[in-house]
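In: Here you go, sequence then predicted model.
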Amino acid sequence: MNKYDCIVIGAGPAGLGATLTLGRARRKVAIFDNGTNRNRVTQESHGFLTRDGIKPQKFKNIAIKELESYPSVSISNETVIEVNKDVQNNLFLVNTTNNKSYITEKILLATGIQEVFPLSQIREYYGKSLFSCPYCDGWELRDKPLAIIAENDDHIIHMTKLVYNWSKDLIVFTNGHQLFNKIRNDFESKKINVYTEVIKNLHGDNGYLESIELKSGENILRSGGFVVPSFYRPNKFAEQLNCQFDENGGIITDGAGRTTANGVYIAGETEKAGPSSLMIAAADGNKVASSINMDITIDRF
Ligand SMILES: Cc1cc2nc3c(=O)[nH]c(=O)nc-3n(C[C@H](O)[C@H](O)[C@H](O)COP(=O)(O)OP(=O)(O)OC[C@H]3O[C@@H](n4cnc5c(N)ncnc54)[C@H](O)[C@@H]3O)c2cc1C
């Protein structure tokens, strides 16, 4: 079986950024991806310097094309299902759904995160007219009649104040969560209405929101908005590899991607299980690749 210097799981900006740096450092790298990047639902990505407005798939295609220039890099569309440590040989065994196994010295987890929404119907509108990151999509929704859908005080306050910068025409939907009068009054002083009733349904056309129907049957016109999902890691690789976690569920690192498990590195959103951005994830990949390369260098020199 071929032995890799590093296997990268996940070809989002974090994994791709890391692989580019490792390929340029002449490391033998395999990168695996299964096309579940969470921004696949969106039409355009914003805010990545020199690529503002690019389609997520085009961004990925350009990155993969660049990687193809480096002969020590291989790219596979495979889902990794298991990663085990071979303690005796200080190696990792990576298994994929294609019944294939790979051996590597170092492993980089860059599998990102996924969302859980307050309402399953949000999925239909997510990436087209409902978003979770105002920095990513606030500009496109500026001055429109927007909904804020969130279910706890902190999330409601944070998102409403933030989005108010892009549109003053806001209505807050708490989907059953009762808000303190003080918060309601603050919002109402800015002409922001709050509906605490449970949401029955969302209505719209082809992912473009038109109205939000409450349990009472009242239908409120809105043409887009922001939701606050909760986030989770889509696998247990970090647990299986004995990485340590902090009290918030973040994977403990040395600040440069090294986890507490020797040979296991982490990059991008999967570290904190929280959202960031394409640019931050790509930069993180670049930084962590330097750690991996340095550690290989020290091991072998
Ligand atoms: C709707 C939406 C719009 C957004 N818009 C913007 C924007 O405009 N600008 C911006 O900067 N950011 C935007 N983001 C955020 C951006 O997508 C993320 O910050 C960024 O993609 C995180 O990068 P990552 O590499 O950590 O994870 P991801 O990009 O999610 O990549 C993780 C990769 O791991 C792969 N993977 C997962 N599990 C496995 C497995 N078991 N085996 C193999 N592969 C696996 C997935 O296929 C995926 O490609 C948006 C997000 C969403 C949801």
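Out: Perfect, I can see it now.

In: Check the burial of G127 by counting its neighbours.
Out: 19 (other Cβ atoms under 10 Å). C-beta: built from backbone N, CA, C; applies to glycine.

In: With the one 10 residues further on instead?
Out: Applying the criterion other Cβ under 10 Å, we find 24 residues in the vicinity of D137.

In: quick one: contacts for it?
Out: T42, H46, F131 (Cβ atoms under 8 Å, 6 or more residues apart in numbering).

In: and with 6 Å instead?
Out: F131 (Cβ atoms under 6 Å, 6 or more residues apart in numbering).

In: and the gap between it and R51?
Out: According to Cβ to Cβ, to the nearest Å, D137 and R51 sit 15 Å apart.

In: ok, now S277?
Out: Distance from S277 to R51, by Cβ to Cβ: 12 Å.

In: more crowded one of these two?
Out: Between S277 and R51, S277 has the larger neighbour count (other Cβ under 10 Å), namely 18 against 15.

In: Give me the pLDDT for the nearest residue to the more buried one once chain neighbours are set aside.
Out: In space, S277 comes closest to G47 once its chain neighbours are excluded; the distance is 6.3 Å by Cβ to Cβ, 6 or more residues apart in numbering. Looking at G47, its pLDDT stands at 97.

In: try the one 3 residues further on
Out: In the prediction, the pLDDT value recorded for T50 is 97.

In: Tell me the secondary structure at it.
Out: coil (DSSP: H, G, I helix; E, B strand; the rest coil).

In: Now I298: which helix or strand?
Out: Using DSSP states H and E, I298 sits within helix 278-300.

In: in that helix, what counts as buried?
Out: Using 16 or more other Cβ atoms under 10 Å as the test for burial, helix 278-300 gives 278, 280-289, 291-293, 295-296.

In: For stretch 245-255, which residues meet the burial criterion?
Out: Per 16+ other Cβ under 10 Å, stretch 245-255 contains these buried residues: I251, T253.

In: then that stretch to PDB, C-alphas only?
Out: The C-alpha trace of stretch 245-255 is given here as PDB (Å, rounded to 0.1, in the frame of the first residue of the first chain):
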ATOM      1  CA  PHE A 245     -12.000  19.100  23.300                       C
ATOM      2  CA  ASP A 246     -12.500  22.300  25.300                       C
ATOM      3  CA  GLU A 247     -15.600  23.100  27.300                       C
ATOM      4  CA  ASN A 248     -17.300  24.600  24.300                       C
ATOM      5  CA  GLY A 249     -16.700  21.500  22.100                       C
ATOM      6  CA  GLY A 250     -13.800  23.100  20.200                       C
ATOM      7  CA  ILE A 251     -10.900  20.800  19.400                       C
ATOM      8  CA  ILE A 252      -7.900  21.900  21.400                       C
ATOM      9  CA  THR A 253      -4.900  22.900  19.300                       C
ATOM     10  CA  ASP A 254      -1.600  24.700  19.800                       C
ATOM     11  CA  GLY A 255      -3.000  27.600  17.700                       C
END
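
In: so for that stretch, what's the average pLDDT?
Out: 97.
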